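Trainee: structure for this input, please:
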Amino acid sequence: MMCCQKCPLHPVRGNAAERCSHPACDQLDPAEHNCKKIPVWRCFLDVYTVNMLYRNDINAIRPAPEVFRKALHNRDRAMLLALFQAAGQQLRIKFWQHLEKFESRSIWLLNPIFAAAGLQPIESFASIGQRRNEYLNALSACHYAGHKPQAICQTV
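Mentor: So this is what the prediction gives:
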């Protein structure tokens, strides 16, 4: 996870149009340090990423994999679904590959997308079997994909 001092939304050092009003890290030197104040739950960058990803904003695309891993770690289903909703095709495939390789037991968090596509809920990648492509296609065909997410992740 990213230290606030390196965040593109930092109020002083950031380079994005929007800025975080409450960075957690108060280190004066942005050089490498063992930051103990990295936000574990949603921070302004997470919400910004979800809200701007559909616009292909570079400040949303760069941190998207990290925001995705953070949401997985926290089992934040709303954030994960919003990320899949806002992400473009390539990024959704990267998210899927990360799930498949490192978090195979967390695929159940995406069951709402699968259910909307008429597929059975799954517990892990082991239960997908030969239907893997159907589930991957459900993510690709998600009619919300690449659009502004609904209000599930509007607040920090």
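Trainee: next, residue 9: secondary structure please.
Mentor: Using DSSP: H, G, I helix; E, B strand; the rest coil, the structure places residue 9 in coil.
Trainee: isn't it right up against residue 49?
Mentor: No - in this structure residue 9 lies outside contact range of residue 49 using CB atoms under 8 Å: 9.6 Å. (C-beta placed from N, C-alpha, C; glycine too.)
Trainee: those two: which is more packed in?
Mentor: Between residue 9 and residue 49, counted using other CB atoms under 10 Å, the more crowded position is residue 49 (30 against 23).
Trainee: how far away is the more buried one from residue 104?
Mentor: 24 Å (CB to CB, to the nearest Å).
Trainee: cool, residue 13 as well?
Mentor: From residue 13 across to residue 104, the span is 37 Å (CB to CB).
Trainee: return the residues in contact with residue 7.
Mentor: Going by CB atoms under 8 Å, 6 or more residues apart in numbering, residue 7 touches 14, 20, 23, 45.
Trainee: ugh, wrong one, residue 107
Mentor: 99-100, 122-125, 128, 135.
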